[in-house]
Structures are given as C-alpha cells and as structure tokens.
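>>> Sharing a sequence plus its predicted fold:
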Amino acid sequence: MTVFRKHLTDNRRGFLGWALAITAVAVMYSSLWPVLGDNAGLTNAINGFPAAMRDAFHLDDYGTAPGYFGSSVFGLVVPVLVAVFAIAAGTRAVAGDEEAGTLDLVMAHPVGRVRLAVSRLLAVVAAVAGTGLVLLLAELAIRVPARFSSISVLNLTAICVQLVLFGVCFAAMAFGIGAGTGRRLHAIVGGAYLALASYLCDSFLPQIKGLGWLQSLSPFDWYLGGEPLRHGFQWFHCALLVGTALCFAGAGIWGFSRRDLGQGG
C-alpha cells in the first residue's frame, strides 16, 4: 500500500467526519435562505447597519441569494471550519506523527523523506478536495428545493473549488511549519495564527483608515473577495492560493529532508 493510500486509510474516519460535519453546517444555513435571506424586514435591518460592519461581515446585498450565501454559508462558518480541519490535517501529516513516535515506523521502510512528505500532503489535499466535492453535491441537491437556483451551477462549483484551494492553502501552511520544525504545537499555533491574521486582514483591519491594502494579502479575500457566487472562477485568486500553498509546502519538505527526525527545529 502506498504512503498516500495508507495515510488516507488510517485517517478515513476523521476525514469523513469533517466532511460530513462541514456539509451539514452548510446545508443547514442554505436551507434557511427562504426564511432569513428572502426576508424584507431582516434585509432592511441589515442595510441599516454601519457600512464598515456590513463590509467586515460581507453583508452587502444580503437580500439576494449570492449576497446571503456569501455572508452566511460561505462567508464565515464554513471557511472557518474548513481552515480548522485543514490545519489539523496538515499538522498531523508529519509533525503530529513524528511527536507521537509513529513516523519512525514508517521511515523504517524503504521510503525517502521527500516521497513520504509529498505523499502525505497529497493525501491531505485529497481529503480537503473530497470535502469540497461532498459539499458541492449537497448544495446542488437542495439548490431547487431551497430556492437558490438563481445561483448557477457554475458559480456554485466555483465557490466550492475556491473553498478547497483555501483549505489546501492553510493545510500547506500547517504542514510546512510542522514538517520544517518537527513540532506539532508550532504547526497548530502557527497555522491558527496565520488563519486569524488572514481573517482580520480581510474583515476588520481594512475598516481602519490606511489599512485597506491589507485585504489584498489575505487568503480569505482570495477565496471570497472576487465574489465567485456572482462572477464565477477568479483565476488570479486561485493562483494566489495555490502559489502560497506551494511555497509553504516546499519550505516544509526542504526542512524535513535536512533535519534530524524527532529533534525538532
């Protein structure tokens, strides 16, 4: 059994549990669109919020399906859950098993460090992609009954693909830190710090005069800022997410291939 398949098999319950939980949350919020989103009273109340608050929480145009889904379904809870899942999976890929002592057993077999690291990262990428696929299929299944067919199939696909790339980006961040240092705590804290900083740069910090440029540095903005629910795939933003993931992954694999195992950087 390859390293890739074994890592997927060993973690299948956790990966499947995350996929189902994230999808359940998304479906729950999606099914509330006819009640919450298509509600003139609530929409008028939200339109009365300060502009800075609406911008921070992506609440503009809340009364339309793309506006509602961009703020509630795909705007906060789901991407945060995906980021947590991705950071946890990326951490465990190398650093978690190394601290647990199980990585030594794998390395006793004729498998190189680079191949091991790449295979495990690809397994994490596959798990995140699988989560995005399950989520997309569920959203397509309720698209007509929940009355958000105004969002095209293409645009739903675009937001789910960019959500996957968003998750892969944070998985690679945690993986890179963990593989490079051999420390599980460093990977988790580093990944969480980057996720929090990214969210603040996309939401609250741009509301401060002179700090609007920070938004363009945030993976949250790369994921949602181009409004894929309205405009479809945002290829430049996709490239930024992929490029950032490759940089962190490459740095982690390079560090992992050069240091002493079990001794952390």
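Looks like it arrived, so ask away.
>>> Just the helices from the stretch 1-150 of the chain, written as ranges.
Secondary structure of the stretch 1-150 of the chain (DSSP state H, counting those that start in this stretch): helices at 3-10, 12-31, 40-47, 51-56, 65-68, 78-91, 97-100, 103-107, 113-142.
>>> Is it possible to get a markdown table of those helices that adds distance to V242 and mean neighbour count?
(C-beta placed from N, C-alpha, C; glycine too.) Formatted as a markdown table, the helices of the stretch 1-150 of the chain follow (distance: least, Cβ to Cβ, whole Å; neighbours: other Cβ atoms under 10 Å):
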| stretch | distance to V242 | mean neighbour count |
| --- | --- | --- |
| helix 3-10 | 19 | 17 |
| helix 12-31 | 21 | 17 |
| helix 40-47 | 34 | 13 |
| helix 51-56 | 27 | 14 |
| helix 65-68 | 24 | 23 |
| helix 78-91 | 14 | 24 |
| helix 97-100 | 26 | 19 |
| helix 103-107 | 27 | 14 |
| helix 113-142 | 11 | 20 |
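>>> For I188, find the nearest of those helices.
helix 78-91 (5.3 Å; Cβ to Cβ).
>>> Next, name the residue at the spatial heart of the protein.
Computing the C-alpha centroid of the chain and ranking residues by Cα atoms, centre = their mean puts G167 first, at 2.3 Å.
>>> tell me the mean pLDDT for the helix or strand harbouring that residue?
Using DSSP states H and E, G167 falls within helix 153-181. Mean pLDDT, helix 153-181: 97.
>>> How about stretch 224-239?
Throughout stretch 224-239, pLDDT has a mean value of 96.
>>> For it, output the C-alpha coordinates as PDB.
What follows is stretch 224-239 as a C-alpha-only set of coordinates in PDB (Å, rounded to 0.1, in the frame of the first residue of the first chain):
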ATOM      1  CA  LEU A 224     -14.300  35.200  -1.400                       C
ATOM      2  CA  GLY A 225     -13.300  38.700  -2.400                       C
ATOM      3  CA  GLY A 226     -13.900  38.200  -6.100                       C
ATOM      4  CA  GLU A 227     -17.400  37.100  -5.400                       C
ATOM      5  CA  PRO A 228     -17.300  33.700  -7.200                       C
ATOM      6  CA  LEU A 229     -21.000  33.300  -6.400                       C
ATOM      7  CA  ARG A 230     -21.700  36.100  -8.800                       C
ATOM      8  CA  HIS A 231     -18.800  36.100 -11.200                       C
ATOM      9  CA  GLY A 232     -17.600  32.500 -11.300                       C
ATOM     10  CA  PHE A 233     -14.000  31.400 -11.000                       C
ATOM     11  CA  GLN A 234     -11.500  34.000 -10.000                       C
ATOM     12  CA  TRP A 235      -8.400  32.600 -11.600                       C
ATOM     13  CA  PHE A 236      -5.900  35.100 -10.200                       C
ATOM     14  CA  HIS A 237      -7.100  34.500  -6.700                       C
ATOM     15  CA  CYS A 238      -6.900  30.700  -7.300                       C
ATOM     16  CA  ALA A 239      -3.300  31.200  -8.400                       C
END
